[in-house]
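>>> I'd like to go over a predicted model; first the sequence, then the structure.
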Amino acid sequence: QSALTQPPSASGSPGQSVTISCTGTSSDVGGYEYVSWYQQHPGKAPKLMIYEVSKRPSGVPDRFSGSKSGNTASLTVSGLQAEDEADYYCSSYAGSNNLVVFGGGTKLTVL
Amino acid sequence: EVQLVESGGGLVQPGGSLRLSCTASGFIFTDHAMHWVRQAPGKGLEYVSGINSNGGRTYYATSVKGRFTISRDNSKNTLYLQMGSLRAEDMAVYYCARDGGSYCFDHWGQGTLVTVSS
């Protein structure tokens, strides 16, 4: 059982928007502004898409956005494209003992 | 270009040991903490261990504490993970990842597969 809870699947048609949630506790997601999101295509290494809740690394399209409310963080993908089909994982700082915890992952399907 | 190249994975018997290496290039190694993250076949990501930039502070997931040891050789730009008392549940692809600050991992290696089986 993962420390952070994500829906196992999400889907949307090309051009639509989809939001993936990531629920933790006040000891991780709710306690810090250190939520990250990663995209992973099959057989590939994860890629950082969002850090510090809502910041995008250089090169990540602005179709990807992040937010947080209380103990739940969210990743929104707008204007869905075929190449967005992948697994998405959230992570959060969880204090100096656990350091980082991940969600179980969400498989995004572009219909 | 940032590159992280893992090596050392392979087949090991339950109870055995293995040392993974991650050679870094394309950035100032001593400027960054480094981490290991693993992914069991068909499963999600799991944080394993981390080490700060000078090697003076280490972090371990509860599942590996006391069995795994993380270290780094800054003169060789290399990160290590010494794994002992290996169990079936340790079988996974092990990724080396660079700390991007803010407890995020901004660059990842291609991963190395550890198989634990008799």
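That came through, no problem.

>>> what bridges to residue A:109?
residue A:11 (DSSP bridges).

>>> And residue A:55, by the same measure?
residue A:51.

>>> what's around it, how many residues?
14 (other C-beta atoms under 10 Å in any protein chain shown). For glycine as for every other residue, the C-beta is placed from the backbone atoms N, C-alpha and C.

>>> Can you check what pLDDT the model gives residue A:1?
Note on residue A:1: pLDDT of 61.

>>> Now do the contacts for residue B:100.
Residues near residue B:100 by C-beta atoms under 8 Å, 6 or more residues apart in numbering or on different chains: A:48, A:51, A:57, B:32, B:106, B:107.

>>> Which ones among those residues map onto helices?
Residues of the contacts of residue B:100 located in helices (DSSP state H): none.

>>> quick one: which of those residues is nearest residue A:92?
residue A:51 (11.0 Å; C-beta to C-beta).

>>> To what extent is that closest one buried, counted in neighbours?
So residue A:51, with other C-beta under 10 Å, has 25 neighbours.

>>> again with residue A:54
16.

>>> what about the residue lying closest to it once chain neighbours are set aside, distance to residue B:57?
Of all residues not flanking residue A:54 in the chain, residue A:66 sits nearest, at 4.4 Å (C-beta to C-beta, 6 or more residues apart in numbering or on different chains). In this view, residue A:66 and residue B:57 are 28 Å apart by C-beta to C-beta, to the nearest Å.

>>> When those two are compared, which one has more neighbours?
Remark: of residue A:66 and residue B:57, residue A:66 carries more neighbours, 22 against 11, as counted by other C-beta under 10 Å.

>>> what pLDDT does that one get?
98.

>>> Which helix or strand contains it?
Taking DSSP states H and E as the criterion, residue A:66 maps to strand A:64-69.

>>> So which residues lie in contact with that strand, not counting its own?
Residues contacting strand A:64-69 (C-beta under 8 Å, 6+ apart): A:29, A:33, A:35, A:37, A:49-50, A:53-56, A:73-78.
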